[in-house]
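**Q** pasting a predicted model and its sequence here:
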Amino acid sequence: MQPNIHGVLETCIYVSDLERTKQFYRDILGIPVHNELEGRHVFFKTGSSMLMAFIAEESRRGRTLPPHGADGQIHLALNIKREDLEAWKKYLANNNITIESEYAWGDRGVSLYFRDPDGNLVELVNPEIWGI
């Protein structure tokens, strides 16, 4: 019998500047820092999962864990309450963050798309779009 997977525990992004990343995710988006190692990574606690930001060159060294890293921009979606959508739009505008796209998923919800300082595509969306 196949054992169950219960969700995504970690999402990794690779960044060029940890302080700038902290300022964006902690100070602008309000995601608390859980752990950090200067020059290597900063981990943010997002509800019941972790958003991990690594300097790719450092994580590729594989000192304790297998080496890993990536180049280029990725996409990640952050869970918000549907009723907070308008407040997020105003908040992002007040913090000079340009919304690249606002996409309606029928009657299930709306996504806001914008970029972090490394060009990763960040989406704010309510989980009802997936029936969750």
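**A** Perfect, I can see it now. Numbering: from 1, shown residues only.
**Q** which one is residue 56 nearest to, not counting chain neighbours?
**A** residue 69 (3.7 Å; Cβ to Cβ, 6 or more residues apart in numbering). C-beta coordinates here come from the backbone N, C-alpha and C atoms, glycine included.
**Q** what separation is there between the one you found and residue 52?
**A** From residue 69 across to residue 52, the span is 12 Å (Cβ to Cβ, to the nearest Å).
**Q** domains of this protein?
**A** For the chain, automatic domain parsing gives the domain ranges 1-63, 72-132.
**Q** make JSON lines from those domains and add mean neighbour count and mean pLDDT to it.
**A** Shown next, in JSON lines, are the domains of the chain (neighbours: other Cβ atoms under 10 Å; pLDDT from 0 to 100):
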{"stretch": "domain 1-63", "mean neighbour count": "14", "mean pLDDT": "93"}
{"stretch": "domain 72-132", "mean neighbour count": "14", "mean pLDDT": "96"}
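**Q** leaving out the residues flanking it, which one is nearest to the residue nearest in space to the middle of the chain?
**A** In the chain, the residue lying closest to the centroid (Cα atoms, centre = their mean) is residue 76, at 5.1 Å. Once flanking residues are discounted, residue 76 sits nearest to residue 11: 5.5 Å by Cβ to Cβ, 6+ apart.
**Q** bridge partners for that neighbour, pull those for me.
**A** In this entry, residue 11 is beta-bridged to residue 51, by DSSP bridges.
**Q** for stretch 117-132, measure first residue to last.
**A** The stretch stretch 117-132 measures 29 Å between its terminal residues, going by Cα to Cα, to the nearest Å.
**Q** pretty sure residue 16 contacts residue 118?
**A** Yes: counting by Cβ atoms under 8 Å, residue 118 is a contact partner of residue 16 at 5.8 Å.
**Q** show me what the residue nearest to the centre of the chain is bridged to.
**A** Counting by DSSP bridges, residue 76 is bridged to residue 122.
**Q** contacting residues for it?
**A** If you count contacts by Cβ atoms under 8 Å, 6 or more residues apart in numbering, residue 76 has them with 11, 13, 51, 120, 121, 122, 123.
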